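Colleague: here you go, sequence then predicted model.
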Amino acid sequence: MPDFFESMQRSYVDVPVGTNDYIEVLPFLQATESLTKLFDSMGTAFTPVKSDLLGNITKLRTRYNENPQKNHTLQELVITERAEGKKTATEGLLWLKRGLEFTSKGLRRNLDDKNEELAVSFNKAYEQTLSKHHSFMVRPVFALAMKACPYRKDFYARLGNDQEKVYADMEKWLTALEKLVVNLNTFYVQGGYEKL
């Protein structure tokens, strides 16, 4: 049976990045849809995160489909939307990149520290990323969700039988995701898109 990373529709490793670090929309959305399936291995704790990511994917896909040629990359999509005085997809990508940054930081902590439980890794990641963007009403919901993370050994066992391979595949996949998040963060800061 293939491990989680082998069964993905698309990996972040395979998302084309072109001139100016612009990221192609469709491969990125496919890779992110594949990522949302990772949350199924984490139990119901991550249902709100998965739902939020999928909602933002829908916003981006809707905008992309309006003019695939003009909206070929995520950055072009945001630039053309701003020129039209709109912001639905730009805001969707803002929250999507925040969710991906949270996910990547949590997984990075956990991958680098083989003794740390997922709940600790994702609590720390939440503090570094999403908490500053959430209201005092939302923060307790996330805190509760993080407590419901599966045990580390159970989570990694769900990803595949060959743990060495799972860790190696996750390392490649996560490194690619981290690079994409850095690209998007840089673009949003430089373009002033963080302040919608």
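Modeller: Received it, and whenever you're ready, just let me know what you need.
Colleague: the helix or strand containing residue 185: which residues count as buried?
Modeller: According to DSSP states H and E, residue 185 maps onto helix 163-191. Residues of helix 163-191 classed as buried by neighbour count (16 or more other Cβ atoms under 10 Å): 166, 169-170, 173-174, 176-181, 183-184, 187-188. All C-beta spots, glycine's among them, are computed from the backbone N, C-alpha and C.
Colleague: need the contact list for the closest residue to residue 6 other than its chain neighbours.
Modeller: The shortest distance from residue 6 to any non-neighbouring residue, by Cβ to Cβ, 6 or more residues apart in numbering, is to residue 169 (7.3 Å). Residues near residue 169 by Cβ atoms under 8 Å, 6 or more residues apart in numbering: 3-6, 160.
Colleague: lowest pLDDT pick from those residues?
Modeller: Ranked by pLDDT, those bottom out at residue 3, which has 88.
Colleague: any idea how far that one lies from residue 47?
Modeller: Separation of residue 3 from residue 47 (Cβ to Cβ, to the nearest Å): 23 Å.
Colleague: those two: which has the busier surroundings?
Modeller: Legend: neighbour count by other Cβ atoms under 10 Å for residue 3 and residue 47, higher for residue 3 (17 against 14).
Colleague: wait, what's in contact with the more buried one?
Modeller: 159-162, 165-166, 169.
Colleague: measure the closest residue to it other than its chain neighbours to residue 6 for me?
Modeller: Closest residue to residue 3 apart from its sequence neighbours, by Cβ to Cβ, 6+ apart: residue 160 at 2.7 Å. Noted for residue 160: a distance of 8 Å to residue 6, by Cβ to Cβ.
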